[in-house]
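A.B. asks: What follows is a protein structure lacking sequence information:
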């Protein structure tokens, strides 16, 4: 891969945010130049071997899931966490079959579990982590909760890198690129605590019978503006470095997943930034021992512009509003959010806000204390919906 | 790559048409099974090193061309043949700049020429091949003519494989897949005379504000039906083996390009079949010496269903009608087209046909007699629009 060097890196306390980098060529020829870095396919594959890709699923069209699964390179492990309907026809059963069939054909390692499996809830309870359980002891609905399940499964496999991809992507080739882009980011990283966030070159919308290739979504634009304000109100220098506040497609080193807390709903992605700013940014309070290693190593955030556009299912205006609200709530409740920024957020939210001031999102604390191996052992013995298809043995 | 084995191969004289094969996994892990063949990335790269990809261009959006160029793997050579407007603003100049910039970054071998360059016309004239010249001695408008130019440039580079891709593809990742699929086809081929034709899994259309993933275009369906009729009326067995009659995305061995004649306009792709049927099919007339080698080796046609959908610019109803007419004209004038099929074609064409019977398409004879090296030497010395950016030297 040939990828632009970041033109600038914003250093905010221990957090290093690299400016957007464009993918210049997926399959490059080993030629570097002062503007671009070449990463060989071998280096990428070395990362992929330690990579788990998590696909949160909720009633997406089965054809789309099938395409996504076929696009994820063999070297990664795939973890499907489904919260699809189980009434007749049982969507989860169909998903499990698609996963099994593809495993039969490809021998790729694949895991699948249903979010509402009672034994899954019990395993969390048993691990002393009840932050994502409802009053019946089941895991709550929500993508963020599904992502946490996936991260634990990835940890049990001993993976070093964990990435996410949606199941509603119309373009398998763009899913493949996402995974390769993640790996490229980790190849460039100098810290064991790093994150890669993808930015779409275009996000086409259907406008009057034609595809219109819009460069920015309204929510993303606003989220990025306020995340950048959190930085600039503390450094005194205006910045636009954050362009991936709402990046659903992102990947982290397992070490970084252990460090983070997770917000729920649409705020999980912007909260990555807010949490890191609060904890490791300029003017952050004294950090705990657990965080000292990360603070010393630095936390690197890569933002990569994909070569492919992103074409997914349209979710409608309601989705846009919840996303805006969830995102700006995280900003509002940041320790770094000064009164000026708070008043701006309130102004921005306007009618969307039904209360006097933004609520605090539910935050789920780090998962590092959970023993992932023990956790998965419990699932293996008890959880009816859990299936693990191992990678074929290479002769 | 993991790709389905063809379930059936139709043998029609010396022509072997393999049934549609689906791509199961782009990046596979080396596991075969009775239904699927695994082709390693190394094998694919070995083909790519001898591969030229031709992009016929005519006023496509420059952003789309840029994406397509970035998606073609480094190991291939890229040949852009443009028939874009040269009035101010000079679209060709922009195209040349995009090609040059990308070469500067990637060091990939890239060639570009304008179809209307007078020296290009003269080079054809000088080579004694005036079948694509207009009365002013310029190359005619038309994609087929551009394709022939590209094939000669590819031959001058000593390439063994020649493929085509359109410049109006919205999804760079699908262009990358096309090239990899071509290479996979050639890896499977047992004959030096072979062709790979791609079939879209879906070709989305914008239908009432939503993307609708249509599996078959109306023209393709009809063209395939009649090509299959040419076979079945001579074998006595019904067949549906041909599903890529109008496949714009196709690739051939250079040896096969030397064998073929080329029809013009939208009929170039279906005419591949018609020409091969007429010349090498059941009941074909005695073949010339030139063809004897091919007849002995057999001519293999692979049809591959891409993992990615194909999203390109919409061309409108007029385009659909010309395509239908051009395609069915080739069938009508096939030596194998018996009266029954002729009457069916006439019925099918109905109102589209403005004459009593279908015209004969203009056919351009094989290009094997043209000395490609001499041809390109002339362009290098004289043609103002011709530019060749060589592959960077690997230290």
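C.D. replies: That came through, no problem. It should be emphasised that the depicted structure is a prediction, and the values quoted were computed from it without experimental measurement.
A.B. asks: ok, which stretches of the stretch 51-200 of chain A are helices?
C.D. replies: In the stretch 51-200 of chain A, the helices defined using DSSP state H, counting those that start in this stretch lie at A:62-71, A:91-106, A:118-126, A:143-156, A:172-188.
A.B. asks: could you dump those to TSV with mean neighbour count, mean pLDDT and distance to residue A:2?
C.D. replies: C-beta: built from backbone N, CA, C; applies to glycine. Listed next are these as TSV, based on neighbours: other C-beta atoms under 10 Å in any protein chain shown; pLDDT from 0 to 100; distance: least, C-beta to C-beta, whole Å:
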stretch	mean neighbour count	mean pLDDT	distance to residue A:2
helix A:62-71	22	95	21
helix A:91-106	19	96	28
helix A:118-126	19	98	42
helix A:143-156	24	97	29
helix A:172-188	26	97	10
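A.B. asks: List just the one of these that sits closest to chain B.
C.D. replies: helix A:172-188 (2.7 Å; C-beta to the nearest C-beta).
A.B. asks: quick one, that closest one and helix B:62-71 angle?
C.D. replies: 60 degrees (axes from the mean of the first three to the mean of the last three C-alpha atoms, to 10 degrees).
A.B. asks: is helix A:172-188 up against chain B anywhere?
C.D. replies: Yes: judged by C-beta under 8 Å from any C-beta of the partner chain, helix A:172-188 comes into contact with chain B at A:172, A:173, A:174, A:176, A:177.
A.B. asks: Would you format the residues you listed as JSON lines with distance to residue A:61 included?
C.D. replies: Shown next, in JSON lines, are the residues of helix A:172-188 next to chain B (distance: C-beta to C-beta, whole Å):
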{"residue": "A:172", "distance to residue A:61": "13"}
{"residue": "A:173", "distance to residue A:61": "18"}
{"residue": "A:174", "distance to residue A:61": "16"}
{"residue": "A:176", "distance to residue A:61": "19"}
{"residue": "A:177", "distance to residue A:61": "21"}
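A.B. asks: if we can go back for a sec, out of the helices of the stretch 51-200 of chain A, nearest to residue B:229?
C.D. replies: helix A:62-71 (31.2 Å; C-beta to C-beta).
A.B. asks: What are the contacting residues of that closest one?
C.D. replies: A:55, A:57, A:78, A:80, A:91, A:94-95, A:98-99, A:102, A:110, A:165-170, A:172-173, A:175-176, A:179, A:313, B:23-26, B:201, B:213, B:307 (C-beta atoms under 8 Å, 6 or more residues apart in numbering or on different chains).
A.B. asks: ditto for stretch A:51-59
C.D. replies: By C-beta under 8 Å, 6+ apart, the residues outside stretch A:51-59 that reach it are A:65, A:68-69, A:72, A:75-85, A:91, A:95, A:143, A:146-147, A:150-151, A:153-154, A:157, A:159-167, A:179, A:182-183, A:251.
A.B. asks: average pLDDT for it?
C.D. replies: Averaged across stretch A:51-59, pLDDT comes to 97.
A.B. asks: and residue A:243, what does it touch?
C.D. replies: A:20, A:199, A:220, A:224, A:303.
A.B. asks: Then residue A:92?
C.D. replies: A:82, A:84, A:85, A:86, A:114, A:385.
A.B. asks: again, only this time at 7 Å
C.D. replies: A:82, A:84, A:86, A:114, A:385 (C-beta atoms under 7 Å, 6 or more residues apart in numbering or on different chains).
A.B. asks: Kindly provide the distance from it to residue A:69.
C.D. replies: 15 Å (C-beta to C-beta, to the nearest Å).
A.B. asks: Please apply the same query to residue A:278.
C.D. replies: According to C-beta to C-beta, residue A:278 and residue A:69 sit 37 Å apart.
A.B. asks: Only whichever of the contacts of residue A:92 are buried, select them in ChimeraX.
C.D. replies: For the buried members of these, the matching ChimeraX selection, counting by 16 or more other C-beta atoms under 10 Å in any protein chain shown, is:
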select /A:82,84,114,385
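A.B. asks: Among the contacts of residue A:92, find the lowest-pLDDT one for me.
C.D. replies: Within the contacts of residue A:92, lowest confidence goes to residue A:86 (94).
A.B. asks: backbone phi and psi for that residue, please?
C.D. replies: phi -110, psi 0 (degrees, to the nearest 10).
A.B. asks: For it, which non-adjacent residue is spatially closest?
C.D. replies: Leaving out its chain neighbours, the residue that sits closest to residue A:86 by C-beta to C-beta, 6 or more residues apart in numbering or on different chains is residue A:92, at 5.3 Å.
A.B. asks: Near chain B, which residues of chain A are found?
C.D. replies: A:2, A:24-31, A:33, A:36, A:67, A:70-71, A:73-74, A:105-108, A:170-174, A:176-177, A:206, A:209-211, A:307-309, A:392, A:394 (C-beta under 7 Å from any C-beta of the partner chain).
A.B. asks: Report the buried members of the residues you listed.
C.D. replies: A:2, A:24-29, A:31, A:36, A:67, A:70-71, A:73-74, A:105-108, A:170-174, A:176-177, A:206, A:211, A:307-309, A:392.
A.B. asks: So what sits opposite the residue most central in space within chain A in the bridge?
C.D. replies: In chain A, the centroid-proximal residue (C-alpha atoms, centre = their mean) is residue A:250; its distance is 3.8 Å. Under DSSP bridges, the beta-bridge partners of residue A:250 are residue A:197.
A.B. asks: who touches it in this structure?
C.D. replies: Contacts of residue A:250 by C-beta under 7 Å, 6+ apart are A:164, A:195, A:196, A:197, A:198, A:269.
A.B. asks: Surely the fifth one is in contact with residue A:249?
C.D. replies: Yep, that's residue A:198 we're talking about. Yes: contact between residue A:198 and residue A:249 holds when scored by C-beta atoms under 7 Å: they sit 4.2 Å apart.
A.B. asks: which residues do these two both contact?
C.D. replies: Joint contacts of residue A:198 and residue A:249 (C-beta under 7 Å, 6+ apart) are residue A:178.
A.B. asks: May I ask you to confirm that residue A:279 is in contact with residue A:291?
C.D. replies: Yes: counting by C-beta under 7 Å, residue A:279 touches residue A:291, with 6.4 Å between them.
A.B. asks: Okay, now the unreliable bits of chain A?
C.D. replies: A:202-216, A:285-287, A:312-318, A:394-395 (pLDDT under 70).
A.B. asks: Show me what stretch A:112-120 is in contact with.
C.D. replies: Contacts of stretch A:112-120 with the rest of the structure, by C-beta under 7 Å, 6+ apart, involve A:80-83, A:92, A:95-96, A:99, A:138-139, A:145-146, A:149, A:379, A:382-387.
A.B. asks: Strands along the stretch 151-300 of chain A, start to end?
C.D. replies: A:161-164, A:194-199, A:203-207, A:210-214, A:250-253, A:262-263, A:299-305 (DSSP state E, counting those that start in this stretch).
A.B. asks: Report the distance from the shortest one to the chain centre.
C.D. replies: Here strand A:262-263 shows a centroid-to-chain-centroid distance of 11 Å under the convention C-alpha atoms, centre = their mean, to the nearest Å.
A.B. asks: in its sheet, what does it sit against?
C.D. replies: strand A:363-364 (antiparallel).
A.B. asks: buried residues in the following helix or strand past the partner strand?
C.D. replies: The C-terminal neighbour of strand A:363-364 among helices and strands, as given by DSSP states H and E, is helix A:372-382. By neighbour count on 16+ other C-beta under 10 Å, the buried set for helix A:372-382 is A:372, A:375, A:376, A:378, A:379.
A.B. asks: what angle sits between helix A:372-382 and helix A:118-126?
C.D. replies: 150 degrees.
A.B. asks: other SSEs contacting the next helix-or-strand element following helix A:372-382?
C.D. replies: Next helix or strand after helix A:372-382 toward the C-terminus (DSSP H and E): strand A:387-389. Here strand A:387-389 touches helix A:91-106, strand A:110-114, going by 3 or more C-beta pairs under 7 Å, 6 or more residues apart in numbering or on different chains; DSSP states H and E.
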